[in-house]
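# just the structure for this:
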Amino acid sequence: MNDFDLIGLHRLARAATDAGYYNAAKLFNGAAASLINHQLSAEALPKTDEDFVAAIAAIEPTLAALNLDRNLLESLLHIRSAITKNRMLAYADVPPVFVCRVCGHIARNQAPDYCPDCGAGQLTFQSFAATYYLEPEPIEVLINQLTLTPDWLDRILAALPAERLAQKIGGAQGEWSLIEAASHQLDAQQLIAERVEQFMHSETPNLSAKSPAEMVDQSGLSAPQIAQAFRQSRTHMIDQLQAAPSNYWTRVGQHNEFGPVTLQQQVSYFAKHEQWHMAQMTRIRKSLT
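Presented below is the predicted three-dimensional model:
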């Protein structure tokens, strides 16, 4: 699959939309997303900061030759410098980005009333969350999905000796053992439980970011201990969420990496994060068995 083929699919999606065949556009967009994700899942992605910085530097001349927005190119230089210094990218480093769906004009901080290039209105601009994890899911769906995870974790860790659980298996996310991945899930659960507590007691909680390195728990807990601690924390958190007044879900906390974030967005983030790692842990489990 190459870039031309993907542009071809998006061209058909736009043509279908312009002609009013919206469900046809849905199929073309779905096909493009499937092909992209299938290819990315099989590729070796940059793993270290050095590799990531080199990859950004390699693509910058191509983007400049394509006349990409100058401010966006300057932002790439800025984040490359920050990553070189091993500094977390804060919300202030990369302000919101908006792209006109009609002509591709890029605006930063906020979408204009009208596109300065093509005249399209503000609602045609596409915004980008830092990650799809932050896209809010319906509350009932979130509660249901969060309730299922403890049983899933029990199953994925079951009937394996300690030495197999500790065996590192390579993959797109790097080398992880099943016990490390499970510890990471527990660490993430404990973090969202802390965040929920903050939202329960404050209308505008201060949410501090945690680096990926800090998210890997090296406490040495056994698999049953991890599963039990996860279940206890998750059960208490769900009880809190179910008892919370509906307006608590729209409370806005300030996150130094993501900016303004609601409780609904935070819970959505961690629910999707753990389900992303389910694929990793399933792959590791299959390799071990």
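# buried stuff in stretch 7-19?
Leu9, Leu12, Ala13, Ala16, Thr17 (16 or more other Cβ atoms under 10 Å). Every residue, glycine included, has its C-beta placed from N, CA and C.
# mind checking the SS state of the third one?
Reducing the assignment to helix, strand or coil with DSSP: H, G, I helix; E, B strand; the rest coil, the entry for Ala13 is helix.
# now do the SS call for the nearest residue in space to it that is not next to it in sequence.
Using Cβ to Cβ, 6 or more residues apart in numbering and skipping residues adjacent in sequence, the residue nearest Ala13 is Phe28, 3.8 Å away. What three-state DSSP gives for Phe28 is helix.
# ok, Phe28 to Phe125 distance?
For Phe28, the distance to Phe125 (Cβ to Cβ, to the nearest Å) stands at 22 Å.
# next one: Asp117
With distances taken as Cβ to Cβ, Asp117 is found 12 Å from Phe125.
# intersection of neighbour lists for these two?
Listed as contacting both Asp117 and Phe125 by Cβ atoms under 8 Å, 6 or more residues apart in numbering are Cys100.
# circling back: next, the contact list for the residue nearest to Ala13, please.
By Cβ under 8 Å, 6+ apart, the contact set of Phe28 is Leu9, His10, Leu12, Ala13, Ala16.
# cool, Gly174 as well?
Taking Cβ under 8 Å, 6+ apart, we find Gly174 in contact with Lys47.
# can you check my assumption that Gly253 lies in a helix?
No. Going by three-state DSSP, the assignment for Gly253 is strand, not a helix.
# surely it meets Thr204?
Yes. With the criterion set as Cβ atoms under 8 Å, Gly253 and Thr204 qualify as a contacting pair; they are 6.5 Å apart.
# so for the two, which residue has more residues nearby?
The residue with more neighbours, out of Gly253 and Thr204, is Gly253; 21 against 12, by other Cβ atoms under 10 Å.
# ok, the more buried one to Leu40 distance?
With the distance defined as Cβ to Cβ, Gly253 ends up 31 Å from Leu40.
# follow-up on the earlier one: what's the closest of the buried residues of stretch 7-19 to Ala158?
Checking those against Ala158 with Cβ to Cβ, the nearest one is Leu9 at 41.6 Å.
# ok so, going back, ok, so of the buried residues of stretch 7-19, who is nearest Ser208?
Set against Ser208, the nearest of these by Cβ to Cβ is Ala13 (39.9 Å).
# how far does stretch 140-156 sit from its chain's centre?
On the basis of Cα atoms, centre = their mean, to the nearest Å, stretch 140-156 sits 19 Å off its chain's mean C-alpha point.
# show me which residues of it are buried.
Residues of stretch 140-156 classed as buried by neighbour count (16+ other Cβ under 10 Å): Leu142, Gln145, Leu146, Thr149, Pro150, Leu153, Ile156.
# residues in contact with it?
For stretch 140-156, contacts defined as Cβ under 8 Å, 6+ apart pick out 137, 178, 182, 185, 226-227, 230-231, 234-235, 237-238, 241-242, 264, 267-268, 271, 274-275, 278, 281-282, 285.
# just those residues: which are in helices?
Here DSSP state H is the test, and these give 178, 182, 185, 226-227, 230-231, 234-235, 237-238, 241-242, 264, 267-268, 271, 274-275, 278, 281-282, 285 as lying in helices.
# so where's the stretch 101-250 of the chain uncertain?
Per-residue confidence for the stretch 101-250 of the chain (pLDDT under 70) gives these ranges: 209-219.
# brilliant, that's me finished.
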